[in-house]
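*Asks:* give me coordinates for this.
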Amino acid sequence: MKYVFSFLGFMMVATLFGQQAQRTNVGMSGGSYTVVDGESQLYVSQSIGQGGIIGSSQGSEYGVRQGFQQPPIRVVSVSQSDNPLSAVVFPNPVVTSVTVKFGESVQGTIKGKLFDVSGKEIFYQEYEPVQALSVDLSHLPAGTYILVIAAQGKQFTSRLIKN
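*Replies:* Numbers count the residues shown, from 1 in each chain. Take a look at the predicted model:
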């Protein structure tokens, strides 16, 4: 019985303190350069000590390995239009159709776009100038959508919930 408890204790300790997989990076330094050749531009990035998993090439004075590098991330803020279109949307939540009533006189073509939550455009329609616009959404499944109405260089955006 003593041996059974000893064995179980050993297994518990081995499980708790055994080998653990860890993500590591052995890169020590590196850099990036833009190389101009006539009208062409190439972006070259390198890191020293990065392990290559895709392939490698060895020259007499250097070795080149392909691997993964995190590209530079550029965060861009999305701002509202500096020239908003005055409008209200009702009803919201929507069952079959939504009405867009403009708070100003609209001249010229009115462009309506509807996007799903992933940003995919699922509806586009152009309308004649009117003071109130009705958009049929009965063909759409229930969900959340973004309605964008543009006219006269101005834009109105509203989130719609379709029941």
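*Asks:* what's around the residue nearest to residue 163 when sequence neighbours are not counted, how many residues?
*Replies:* Spatial nearest neighbour of residue 163, excluding adjacent residues (CB to CB, 6 or more residues apart in numbering): residue 93 at 4.9 Å. Glycine gets a C-beta too; all of them are placed from N, C-alpha and C. Neighbours of residue 93 under the rule other CB atoms under 10 Å: 11.
*Asks:* now residue 93: how far from residue 103?
*Replies:* 22 Å (CB to CB, to the nearest Å).
*Asks:* and residue 141, by the same measure?
*Replies:* Residue 141 is 31 Å from residue 103, by CB to CB.
*Asks:* and those two? Which one has more around it.
*Replies:* Set residue 141 next to residue 103 and count neighbours by other CB under 10 Å: residue 103 wins out with 11 against 6.
*Asks:* picking up where we left off before, the residue nearest to residue 163 reaches residue 162, doesn't it?
*Replies:* Yes: in this structure residue 93 lies within contact range of residue 162 using CB atoms under 8 Å: 6.9 Å.
*Asks:* strands of the protein, start to end?
*Replies:* Shown for the chain, the strands assigned by DSSP state E span residues 29-37, 40-48, 55-58, 63-66, 87-90, 97-102, 110-116, 121-127, 132-136, 143-151, 154-162.
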